[in-house]
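S.K.: need the 3D shape of this:
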Amino acid sequence: MKIVGVSGALAGWKTNVMVHHVLEATKQINSNAVTELIDLRDVEVEFVRGEPLAFYNEDTFQVVNKIIEADIIIFGTPIYQASITGALKNLLDHLPVNALKQKVTGIVTTGSVDKHFLVSEYHLKPVLSYLKGLVPTISIFAHSESFNDVNEIVDQALIERIHALAAEVTQLQAGLNK
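M.R.: As a prediction, this is how the structure comes out:
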């Protein structure tokens, strides 16, 4: 089972930490899982121009294909102005309509305003569903207060939700593989 995590943050580390924790939790559940974390600050995904994928740079081509080849994708993003990051939306715009068919797509978001938890439900989930992704019932929102000054998770309830998401995505993907 191949699991790819995408951190859509271009600043800060909370989203990266959350996605990393979900990937580690899935490996605890399924020791055969192969995970990879794609941090969008480390790659140069070109702006979508409406051209075939082969016309874009190597980073764009590789990131899109890693997502297409994965069984489970964990999408993480901070919430800015009640929306996902432009970097993540740009990446999602590169994906073909059926790119996430037969794939489980977990969602983790971070933010400093409590009501931003709704962004995953009303913005990101519809996009993933449009791309034919299977979105679990659990998505995770972490408030800035869930982290200490060095971006370590200090909220035990958040750790429990991370493990619950990892269990659900693993179980859903196992069901798809039957």
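S.K.: now the element after the helix or strand bottoming out on mean pLDDT in the chain, going C-ward?
M.R.: Ranking every helix and strand in the chain by mean pLDDT, DSSP states H and E puts helix 118-119 at the bottom, with a mean of 81. The C-terminal neighbour of helix 118-119 among helices and strands, as given by DSSP states H and E, is helix 125-130.
S.K.: and the following helix or strand past that following helix, how far out from the chain middle?
M.R.: Sequence order places strand 140-143 as the next helix or strand after helix 125-130, per DSSP H and E. With CA atoms, centre = their mean, to the nearest Å as the basis, strand 140-143 stands 13 Å off its chain's centre.
S.K.: ok, now which ones touch the residue of the chain most remote from its centre?
M.R.: Each residue of the chain has a distance to the centre, and by CA atoms, centre = their mean the biggest one is for Phe55: 24.9 Å. Taking CB atoms under 8 Å, 6 or more residues apart in numbering as the contact definition, Phe55 lies against Arg49. The way it works is simple: take the backbone N, C-alpha and C, and place the C-beta from them, glycine included.
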